[in-house]
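In: Task: produce atomic coordinates for the following.
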Amino acid sequence: MNVRSGHEALRTMLNPKRVAVIGVSREGFGFGRGILLSLMAMKFDGELFPVNPRGGEIAGMTIYETVDAIPCPIDFAVIAVPASQVPQALEECRLKGAAGAEILSSGFDETGTDEGRILGDRLREVVGRGIRVLGPNCFGVYSPSCGLTMLPGPDLSREPGNVAFVSQSGGMSIDLAHMGKWKGIRFSAVVSFGNGIDVRETELLEYFRDDPATGVIGMYMEGVERGGDFFRTLRGASEKKPVVICKGGLSEAGGRAVASHTASMGGSRVIWESMFRQCNIIQAKNIGELSDALLALTMLPRRSYRGAAIIGGGGALGVAAADAAEALGMVIPPLEEGIRDAIDPLLPRPGSSSRNPIDIANPYVSPDNIRRIMIEASRDERIDIHVIIQLLYHYGALAATLGRDSVKGLVPFRELADAVSGAVSATGKPAVLVIPNFKRGAEALDIEEAMRETRREFLARGIPVFDELEEALFAVSCVSLWCGRRMRRGGDSVPTPR
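Out: The predicted model follows:
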């Protein structure tokens with residue numbers, strides 16, 4: 001028996017070399033078969049050992065009838081059998097040397113039944129003998145560096161990053177992992193802990209606080225055990241790294257849903273939000289805000305952003321920018337007259353404005369003029385960041401006017417990315433891109449493809465991309481909020497991890 005404890009056990013569970021998958025059927029689609037095939041599709045770096053009492057083969061691998069029949073010790077196990085069989089399976093994994101297991105099965109304390117509580121107690125007894133557990137009722141672990149994936153995740157990115165995400169909800173964890181792939185968020189790990197019968201939020205937060213591969217921590221919370229310990233750990237973690245939390249169950253109805261989902265107590269909105277302020281936590285209301293904040297904290301330099309230059313077409317967008325910025329503690333200062341005079345010749349006529357927001361009045365302004373406008377606007381010391389708005393969907397109308405079947409070849413996404421990146425390098429003032437899309441019908445698939453290409457080019461140059469102006473400003477304000485609070489409390493600046 002090989003018993004590990006503390007961070008060593010978690011480190012092994014997140015980076016295992018030998019994984020047993022218990023409950024693998026030879027056909028159909030059960031959780032066991034699904035997670036095994038997902039691990040194979042992800043090209044998991046280690047060895048896999050499927051287990052089912054019926055034996056047989058799957059994808060050229062032997063299905064072992066018992067855990068004990070596996071010919072070597074194991075590091076980690078994925079358990080996907082009926083709830084009544086889970087305690088025995090967990091004990092077999094413990095005896096086989098596993099540091100820990102993730103239990104996908106449900107039917108324990110969250111049911112509120114005597115049977116569920118008894119099964120939960122039996123799991124806790126096995127844990128007490130020397131094995132760590134994620135779950136039950138969880139989706140498990142996604143660790144791109146080794147190819148460990150959660151259910152259902154056969155097509156997640158294998159590119160590791162610096163964002164750790166800890167979630168009480170399996171659905172939220174897999175959704176964010178999928179969003180990260182196209183949005184530009186790369187993960188050190190994503191951990192779904194479900195009912196949290198053993199490993200829970202506080203221990204995972206402590207682990208990622210000290211993890212050198214993690215630079216930003218995201219969390220989805222429904223409830224906590226040992227609130228005092230969590231508070232102290234949260235405060236210490238945020239002193240080292242930004243922490244973004246989406247807290248579910250703050251409403252009365254949400255609290256009832258939390259209780260039935262993971263058998264947790266949601267808690268008071270006032271208490272939670274007070275704790276967030278005291279601990280310098282960034283609060284996200286939903287998965288969209290969560291992903292936006294994580295993206296900005298990953299890509300933007302860690303500093304305060306007070307003044308923004310808004311560069312793009314549409315007077316109404318400028319008004320919306322001013323309103324959104326003010327609500328988030330930012331300003332859009334009118335540019336100095338000399339700077340406006342330098343920008344004016346770069347703008348098309350009529351309908352444009354160099355005041356700030358800089359209304360370019362035409363969606364087809366050349367990338368080089370965008371670069372030059374950014375450089376001129378950067379001369380104003382009140383400008384800390386550029387928000388570039390590109391209405392790429394207008395290229396659909398241009399294509400139709402020119403008699404083209406699609407916008408392919410018309411959208412200068414690579415040249416635009418080079419231009420914006422060049423201005424950022426020349427001025428030292430970061431930028432974000434906003435690409436709204438109001439054409440999403442079947443006839444506009446080529447536009448969506450062009451927008452995906454644009455996003456990819458900007459992300460490759462370290463420039464975050466957002467769908468809406470308000471999302472971009474919120475994300476930028478999150479970086480400012482964490483940095484500003486930290487500096488006021490006497491903390492040193494923390495470089496943006498790459």
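
In: buried sites along the lengthiest helix in the chain?
Out: If you go by DSSP state H, the chain has its longest helix at helix 469-488. For helix 469-488, a neighbour-count test (16 or more other C-beta atoms under 10 Å) marks 469-486 as buried. All C-beta spots, glycine's among them, are computed from the backbone N, C-alpha and C.

In: Which residue comes closest to Ala296 once chain neighbours are left out?
Out: Spatial nearest neighbour of Ala296, excluding adjacent residues (C-beta to C-beta, 6 or more residues apart in numbering): Ala475 at 3.6 Å.

In: Correct me if wrong: the one you found contacts Ser291.
Out: No: Ala475 lies out of contact with Ser291 (C-beta atoms under 8 Å); the separation is 9.0 Å.

In: which sections of the stretch 1-150 of the chain are below the confidence cut-off?
Out: For the stretch 1-150 of the chain, the stretches with pLDDT under 70 are 1-5.

In: All the strands of it, in order from the start?
Out: Using DSSP state E, counting those that start in this stretch, the strands assigned to the stretch 1-150 of the chain run over residues 18-22, 47-51, 57-58, 61-62, 76-79, 100-103, 132-134, 140-142.

In: Run a quick neighbour tally on the closest residue to Arg132 other than its chain neighbours.
Out: Sequence neighbours aside, Gly100 is the residue nearest to Arg132 in space, at 3.6 Å (criterion: C-beta to C-beta, 6+ apart). Applying other C-beta atoms under 10 Å, we find 25 residues neighbouring Gly100.

In: hey, C-alpha coordinates of the longest helix of the chain in PDB?
Out: In PDB, the C-alpha atoms belonging to helix 469-488 read as follows (Å, rounded to 0.1, in the frame of the first residue of the first chain):
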ATOM      1  CA  LEU A 469     -17.900  46.200 -25.400                       C
ATOM      2  CA  GLU A 470     -19.300  45.800 -21.900                       C
ATOM      3  CA  GLU A 471     -17.600  42.500 -21.500                       C
ATOM      4  CA  ALA A 472     -14.200  44.000 -22.500                       C
ATOM      5  CA  LEU A 473     -14.600  46.900 -20.100                       C
ATOM      6  CA  PHE A 474     -15.700  44.600 -17.300                       C
ATOM      7  CA  ALA A 475     -12.600  42.300 -17.800                       C
ATOM      8  CA  VAL A 476     -10.200  45.300 -17.900                       C
ATOM      9  CA  SER A 477     -11.800  46.600 -14.700                       C
ATOM     10  CA  CYS A 478     -11.200  43.300 -13.000                       C
ATOM     11  CA  VAL A 479      -7.400  43.600 -13.500                       C
ATOM     12  CA  SER A 480      -7.500  47.200 -12.200                       C
ATOM     13  CA  LEU A 481      -9.600  46.200  -9.200                       C
ATOM     14  CA  TRP A 482      -7.300  43.400  -8.000                       C
ATOM     15  CA  CYS A 483      -4.100  45.400  -8.600                       C
ATOM     16  CA  GLY A 484      -5.500  48.500  -7.000                       C
ATOM     17  CA  ARG A 485      -6.700  46.800  -3.900                       C
ATOM     18  CA  ARG A 486      -3.400  44.900  -3.600                       C
ATOM     19  CA  MET A 487      -1.200  48.000  -3.900                       C
ATOM     20  CA  ARG A 488      -3.400  49.900  -1.400                       C
END
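
In: got the domain boundaries for the protein?
Out: 1-136, 159-299, 301-469 (automatic domain parsing).

In: Arg414 against Glu457, yeah?
Out: Yes: with contact defined as C-beta under 8 Å, Arg414 counts as touching Glu457 (5.4 Å).

In: So which residues of the stretch 101-250 of the chain form helices?
Out: 114-128, 170-183, 201-210, 227-240 (DSSP state H, counting those that start in this stretch).

In: tell me what the third one is packed against?
Out: Judged by 3 or more C-beta pairs under 8 Å, 6 or more residues apart in numbering; DSSP states H and E, the packing partners of helix 201-210 are helix 6-14, strand 163-167, strand 187-192, strand 216-221, helix 227-240.

In: related to what we said a few turns ago, now the longest helix of the chain against helix 227-240, angle please.
Out: With axes from the mean of the first three to the mean of the last three C-alpha atoms, to 10 degrees defining the directions, helix 469-488 sits at 90 degrees from helix 227-240.

In: what about helix 469-488, distance to the chain center?
Out: When distances are taken as C-alpha atoms, centre = their mean, to the nearest Å, helix 469-488 is centred 17 Å away from the chain's centroid.

In: what's next to that helix, contact-wise?
Out: Helix 469-488 is contacted by residues 238-239, 242, 244, 280, 282, 288-289, 292-293, 295-297, 300, 302-306, 308, 310, 317, 320-321, 324-325, 328-330, 385, 387, 389, 432, 434, 436, 464, 466, 493-494 when judged by C-beta atoms under 8 Å, 6 or more residues apart in numbering.

In: Kindly supply the PyMOL command isolating those of these that are buried.
Out: Per 16+ other C-beta under 10 Å, the buried members of those correspond to this PyMOL selection:
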select buried, resi 238+242+244+280+282+288+289+292+293+295+296+297+300+302+303+305+306+308+310+317+320+321+324+325+328+330+385+387+389+432+434+436+464+466
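
In: re the thing from before, hey, which of the helices of the stretch 101-250 of the chain is tucked in deepest?
Out: Per residue and on average, the most neighbours among those fall to helix 201-210, with a mean of 22 (mean count of other C-beta atoms under 10 Å).

In: what's the angle from that helix to strand 216-221?
Out: Going by the same axes, to 10 degrees, helix 201-210 makes 170 degrees with strand 216-221.

In: burial count for Gly248?
Out: 22.

In: Look up how far Arg232 lies from the nearest residue to it once chain neighbours are set aside.
Out: Nearest residue to Gly248, sequence neighbours excluded (C-beta to C-beta, 6+ apart): Glu222, at 4.9 Å. With distances taken as C-beta to C-beta, to the nearest Å, Glu222 is found 20 Å from Arg232.

In: Repeat that for Pro160.
Out: 29 Å.

In: Let me see the contact set for Leu295.
Out: With C-beta under 8 Å, 6+ apart, Leu295 has these contacts: 183-185, 464, 466, 475.

In: please redo it, this time with the cut-off set to 7 Å
Out: Leu295 makes contacts with 183-185, 464, 475, as judged by C-beta atoms under 7 Å, 6 or more residues apart in numbering.

In: Among these, which one lies nearest to Glu65?
Out: Ile185 (41.1 Å; C-beta to C-beta).
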